[in-house]
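>>> how would this look folded up:
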Amino acid sequence: MATTHGKTSDQDATFQSDKKVIIASSLGTVFEWYDFYLYGLLATYISAQFFSGVNETTGFILALGAFAAGFAVRPFGALVFGRIGDLVGRKNTFLVTMGIMGLSTFAVGLLPSYTSIGVAAPLMLVFLRLLQGLALGGEYGGAATYVAEHAPQNRRGLYTSFIQTTATLGLFAALLVVIGLRYLLGEEAFAAWGWRLPFIISIVLLGVSLWIRLQLAESPAFQRMKDEGKTSKAPLTEAFARWGNLKIVLIALFGAAMGQAVVWYTGQFYALFFLEKMLKVDGATTNVLMAVALALGTPFFVIFGWLSDKIGRKPIIMTGCALAALTYFPLFGALTQAANPALAAAQAASPITVVSHDADCSVQFDPVGRNKFDSKSCDIAKSFLAKNGVNYTNVEAPANTIAQVRIGNQTFTAPDPAKVTGEARKAAIAAYQGELKTAIAAAGYAPKYDPAGMNTPLVIAILFFMVLLVTAVYGPIAALLVELFPTNIRYTSMSLPYHIGNGWFGGFLPTTAFAMVAATGDIYYGLWYPVVLAIVTLVLGLLFLPETFKRDINA
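Numbers count the residues shown, from 1 in each chain. Predicted coordinates:
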């Protein structure tokens, strides 16, 4: 009996220790994701504050570009901090990354606007986003590796799935803070200065996070390896200069992380932007709808993580990619019908076309903000439609044709810039845009959605299904990546494919997709980006990705 009692006490102590590891690692990572994703939620306000010197379409894309800048440097953060993590340990490394993230986020809330200091404002904003990206590049791999190295072999998917919830929980926390402040302050005050508060209060979260992380000890697998003198002397060389490991890194990137990333960012960010920018749903309502979908979907990270311990990581991730590729176009079409049925009806009854010579048209995006889109008739027509998020199709016309916009059975010919200059051109463009605005509204393309017309349960159901796909691809992937690589170079090896996948392929998704929409006029065209990449991952994953769920990671 004494022996049994002793075993039970040891098991209880181990369970309590594991629970502390999971909670401490997860809470700290939640706060980092909160910091990182505030920017995405507030992109519209940030565009107005820091990119007010350019036209509205370009400003929004530039704001998304600054959002993506944080993702661009995540792989470099993975290299820098992954190497440190494999050399000196998991715990101390993600304490440093947390400090960088928290202080950078706090500073965003204090930045002067474009009207105060001019171009220095967006430059400083981008610099802070770069610091955030570097920090996150080192954080995730450390947290996932740390938890996995504490987990029993048959529960590794379950344990690491709690780390997988942190990105969504961080987004959910950011949504709740933004929704609460909007409600308390009112839209006018929030737009003027209240948007800064979510960034500023993150300094409190930083203090709590650091205190939590300081309670942790080093991971047992790393500590044992360190005690035995088996740590890597050159993690980067071993991870990426030796073909045996580099091959696994490439398979992990293109056969898993790339597809996982585009499904994640489509389901949780692109859907958010699509509702607000394309379907004209107000930001507060959009945030609430997404928050409900996230609340319903988040438990499935743990469910799929647990399931991956039973049937494997690969089948769950590949199924998620396949379903995403098959359903995204019908899902977003259904989202339009449910969220803004008047817009869907207008698109069907009075489709808008632009008749022009393609070579005469510019892409409706100007990274330096100097193009006023008024030197070509095609640009005059398309810039107005792009600015207003109006869906249209292109009809090719002979060279030198003056562009026309057809709304139902009405035709509106754009001003010819060759015949009007200076103030006369401005007046002609203003008059033309006024005519288009009236005609578009008359055809049912309302500038804002009608809350009474929205099918709210259906919108939430569609968003929930997209979040469900996110949980399928994301829930098991931390365990998969940890299991692919040996302990002495694990932090470095797993971090790079994860952050290239999520930082580049995923992080650039909103910017790329909206630029594709602006270029073509088709509000659904940006979906080709996640669909194609999900298919590529599905094919490569099925062919080359090994199953890992029964591997001993301490060997």
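
>>> in stretch 520-536, what's buried?
520-521, 523-524, 526-527, 529-531, 533-536 (16 or more other Cβ atoms under 10 Å). Any C-beta I mention is one placed from the backbone N, CA and C, and that applies to glycine too.

>>> do a quick rundown of the strands in the chain.
With DSSP state E as the criterion, the chain has strands at 352-356, 393-396, 404-407, 410-413.

>>> about what we covered before: distance to residue 326 and pLDDT added to the buried residues of stretch 520-536, as a markdown table?
Shown next, in a markdown table, are those (distance: Cβ to Cβ, whole Å; pLDDT from 0 to 100):
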| residue | distance to residue 326 | pLDDT |
| --- | --- | --- |
| 520 | 22 | 84 |
| 521 | 25 | 84 |
| 523 | 20 | 90 |
| 524 | 15 | 93 |
| 526 | 17 | 92 |
| 527 | 12 | 96 |
| 529 | 16 | 96 |
| 530 | 12 | 97 |
| 531 | 9 | 98 |
| 533 | 14 | 97 |
| 534 | 9 | 98 |
| 535 | 10 | 98 |
| 536 | 15 | 98 |
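
>>> go through the residues you listed and flag which are in helices.
By the criterion of DSSP state H, membership of the buried residues of stretch 520-536 in helices covers 520, 529, 530, 531, 533, 534, 535, 536.

>>> and which of those residues is nearest residue 436?
Nearest to residue 436 among those: residue 520, at 18.6 Å, using Cβ to Cβ.

>>> hang on, residue 533 packs against residue 258?
Yes. Here residue 533 reaches residue 258: they are 5.6 Å apart, a contact under Cβ atoms under 8 Å.

>>> pull up the overlap in contacts between the two.
Taking Cβ atoms under 8 Å, 6 or more residues apart in numbering as the contact rule, residue 533 and residue 258 both touch residue 505.

>>> before we move on, the earlier item: adding mean neighbour count, write the strands of the chain out as TSV.
Output for these, formatted as TSV (neighbours: other Cβ atoms under 10 Å):
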stretch	mean neighbour count
strand 352-356	20
strand 393-396	12
strand 404-407	20
strand 410-413	14
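
>>> export these to JSON lines and tack on mean pLDDT and distance to residue 289?
Putting those into JSON lines (pLDDT from 0 to 100; distance: least, Cβ to Cβ, whole Å) gives the following:
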{"stretch": "strand 352-356", "mean pLDDT": "91", "distance to residue 289": "27"}
{"stretch": "strand 393-396", "mean pLDDT": "89", "distance to residue 289": "29"}
{"stretch": "strand 404-407", "mean pLDDT": "92", "distance to residue 289": "30"}
{"stretch": "strand 410-413", "mean pLDDT": "91", "distance to residue 289": "34"}
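
>>> identify whichever of these lies nearest to residue 29.
Nearest of those to residue 29, taken as Cβ to Cβ: strand 393-396 at 44.0 Å.

>>> may I have the strands that pair with that closest one, each with its orientation?
Strand pairing for strand 393-396, determined by DSSP bridges: strand 352-356 (parallel).

>>> what about dumping the CA coordinates of the strand it pairs with to CSV?
Only the C-alpha atoms of strand 352-356 are listed here, as CSV (Å, rounded to 0.1, in the frame of the first residue of the first chain):
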residue,chain,number,x,y,z
ILE,A,352,-20.6,46.4,-62.5
THR,A,353,-18.1,46.2,-65.4
VAL,A,354,-15.2,48.4,-66.4
VAL,A,355,-14.7,48.6,-70.2
SER,A,356,-11.1,49.7,-70.9
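
>>> how far off centre is it?
Centre-to-centre, strand 352-356 and its host chain are 32 Å apart (Cα atoms, centre = their mean, to the nearest Å).

>>> show me the contact partners of it.
377-378, 381-382, 385, 390-397, 401, 403-407, 440, 443, 445, 521.

>>> the same query, at a cut-off of 7 Å, please.
For strand 352-356, contacts defined as Cβ atoms under 7 Å, 6 or more residues apart in numbering pick out 378, 381-382, 390-395, 397, 401, 403-407, 521.

>>> for the stretch 401-550 of the chain, give me the ranges with low pLDDT.
Within the stretch 401-550 of the chain, no stretch has pLDDT under 70.

>>> can you map out the helices along it?
In the stretch 401-550 of the chain, the segments counted as helices under DSSP state H, counting those that start in this stretch are 422-442, 456-474, 477-484, 490-500, 509-520, 528-544.

>>> quick test: name the residue nearest the centre of the protein.
The centroid of the chain falls nearest to residue 265 when counting by Cα atoms, centre = their mean (4.0 Å).
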